[in-house]
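Undergrad: Pasting a predicted model and its sequence here:
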Amino acid sequence: MTLLSLCHLTASYGAAQALFDVSLDVAEAQVVALLGRNGMGKTTTVKAICRMLPARGEATFDGHDLLRLPIHRAARLGIGLVPEGRRCFAPLSVDENLLAAARPGPWDRARIATLFPRLAERADQRAASLSGGEQQMLAIARALMTNPRLLILDEATEGLAPIVRAEIWAAIRKLKRDSGLAILVIDKSLTELATVADRAVILERGSTVWSGAMADVGGDVAGLYLGL
Ligand SMILES: Nc1ncnc2c1ncn2[C@@H]1O[C@H](COP(=O)(O)OP(=O)(O)OP(=O)(O)O)[C@@H](O)[C@H]1O
Ligand SMILES: [Mg+2]
């Protein structure tokens, strides 16, 4: 069943239009990669979904009209965002960060500890003192603590050392395998995306220009739209 559906979505930063015609669907338990070169509108699409930016067109989540729902209700529909640039509350401890995000559901601190044992080891440490990779794990953990139905990862491995990156990808694969969570994932690594994504959507200058099976991204498609 379709969980998130965007159809001919447009969005602007003030007078500057950034999205012109974005359409994409994410079904329950499906992992969809949102692809496109720099500045093509991936983060803006995420902001529009999370109502951080005015948007027009059609956007539904679990049958609810995302664009016309009051923001406080839209925030409770179950979309967990890991934003670009790993935001945590730096002065709070790891545990406090998790508790501040907690909403009822299967994800609690014990389950987070099975996904990211390192966070459990650092439960009392201030978020500010964590490494970049650990902060990223904490950002993902915070999103999971909201017990979302859709997890959105915007460049979750950006700027991390290869070994930490591998840990994050392993966690994403585990999420797909064990939790059946729907995931919309933005990342530069097609190789890693190919290990988790079922489908892919490609944006170019604020519009959807291609969508299909992740297995079909490569060769001509990657050359044409991703400059690879
Ligand atoms: N705060 C802003 N104000 C005005 N224009 C913006 C703002 N943020 C992004 N834009 C513009 O919107 C367009 C889409 O940017 P967006 O950040 O969505 O791209 P992206 O696909 O996420 O790129 P990247 O891969 O670099 O993260 C770009 O032309 C960008 O310059
Ligand atoms: Mg971006």
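TA: Structure's in. What do you need? Ligands and ions are numbered 1, 2, ... in the order given.
Undergrad: who does residue 186 bridge with?
TA: For residue 186, the beta-bridge partners under DSSP bridges are residue 154.
Undergrad: and it, how far is that from residue 109?
TA: Going from residue 186 to residue 109 by C-beta to C-beta, to the nearest Å gives 27 Å. Where you see a C-beta, it was placed from the backbone N, CA and C, and this is true even at glycine.
Undergrad: Those two: who's more crowded?
TA: residue 186 (22 against 16; other C-beta atoms under 10 Å).
Undergrad: Can you read off the pLDDT for that one?
TA: pLDDT recorded at residue 186 is 98.
Undergrad: you'd agree it is up against residue 47?
TA: No: using C-beta atoms under 8 Å, residue 186 is not in contact with residue 47, being 12.0 Å away.
Undergrad: hey, what's in contact with both of the two?
TA: Common contacts of residue 186 and residue 47, defined by C-beta atoms under 8 Å, 6 or more residues apart in numbering, are absent altogether.
Undergrad: Which parts of the chain are strands?
TA: For the chain, the strands defined by DSSP state E cover 2-13, 16-27, 31-35, 55-61, 64-65, 79-82, 150-154, 182-186, 199-204, 207-213.
Undergrad: buried set for stretch 131-140?
TA: Buried residues in stretch 131-140, counting neighbours by 16 or more other C-beta atoms under 10 Å, are found at 133-140.
Undergrad: what's the answer for stretch 42-52, then?
TA: The neighbour-count criterion (16+ other C-beta under 10 Å) identifies 42-51 as the buried residues of stretch 42-52.
Undergrad: taking the mean pLDDT, what do you get for that stretch?
TA: 96.
Undergrad: same check, this time on stretch 19-33
TA: The model assigns stretch 19-33 a mean pLDDT of 98.
Undergrad: Please state the offset of it from the chain centre?
TA: Relative to the chain's own centre, stretch 19-33 is displaced by 11 Å; criterion: C-alpha atoms, centre = their mean, to the nearest Å.
Undergrad: close to ligand 2, is it?
TA: No: remark: stretch 19-33 sits outside contact range of ligand 2, by C-beta under 5 Å from the ion, the gap being at least 12.6 Å.
Undergrad: Stretch 205-221 too?
TA: No: contact between stretch 205-221 and ligand 2, assessed by C-beta under 5 Å from the ion, is absent, since the two come no nearer than 12.5 Å.
Undergrad: That stretch vs ligand 1: in contact?
TA: No: shown here: stretch 205-221 not in contact with ligand 1 (C-beta under 6 Å from any ligand atom), separated by at least 6.7 Å.
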